[in-house]
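In: Using only what follows, build the 3D model:
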Amino acid sequence: MADERSPGAGRAQTLALQGVANAIVRVLLRVPVVSRGIGKRLVTLYVVGRRSGKRYTVPVAYTRHEGALLIGSPFGWGRNLRTGEPVEVRFQGRRRVADVVVHTDEDAVVRDYAVIARDNRNFTGFNKIGFTANGDPDPADLHLAWAAGARSFHLRLR
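Out: So this is what the prediction gives:
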């Protein structure tokens, strides 16, 4: 049976001026008073390219779940994170170290994306995840997100 969804279904979208938006958010997350407000949903990751050594500063949305910060993303920076290798983060205005567990398998990513989707409706729009009639994240959309390269990350702050 052919998928009648639009081309790119399951793929997260970026804003036309995503780089500019990210630069503004990175600055705001460094201001202690401001970061308390917007930092309730956003954390900055300091990711180092595994081969290039290039440093990426990535503001991302998180959901608190089972004592960890839960993050989902299909973007390339996520391939630089590895389970067991710590990552630096800016959380609520403070730079900290977090231990990372990366999930790439379908069951874990779909489960984690469903948790994030229930908590953050902006995440669902960005990742093209709809909801069923009973209000649950659409399983087909969650699967499409995984199939398009989504990963999930559990960060435990030290």
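In: tell me how far stretch 145-158 is from the chain's mean position?
Out: 6 Å (CA atoms, centre = their mean, to the nearest Å).
In: which residues in this protein form helices?
Out: Under the criterion DSSP state H, helices of the chain are mapped to 18-30, 32-38, 106-119, 121-126, 139-147.
In: can you pull the contacts of Thr124?
Out: Residues counted as contacts of Thr124 (CB atoms under 8 Å, 6 or more residues apart in numbering) are Ala117, Gly130, Phe131, Pro137. (Each C-beta comes from the backbone N, C-alpha and C, glycine too.)
In: Turn those residues into a markdown table, columns for neighbour count and pLDDT.
Out: Listed next are the contacts of Thr124 as a markdown table, based on neighbours: other CB atoms under 10 Å; pLDDT from 0 to 100:
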| residue | neighbour count | pLDDT |
| --- | --- | --- |
| Ala117 | 24 | 97 |
| Gly130 | 12 | 97 |
| Phe131 | 14 | 97 |
| Pro137 | 22 | 98 |
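In: Among these, which one lies nearest to Ala98?
Out: Lowest distance from Ala98 to the contacts of Thr124 (CB to CB) belongs to Ala117, with 22.2 Å.
In: Not counting sequence-adjacent ones, nearest residue to that closest one?
Out: Pro137 (4.0 Å; CB to CB, 6 or more residues apart in numbering).
In: how near is the one you found to Val115?
Out: 9 Å (CB to CB, to the nearest Å).
In: From what I see, Arg118 and Pro137 are in contact.
Out: Yes. Using CB atoms under 8 Å as the test, Arg118 is close enough to Pro137 to be in contact (6.6 Å).
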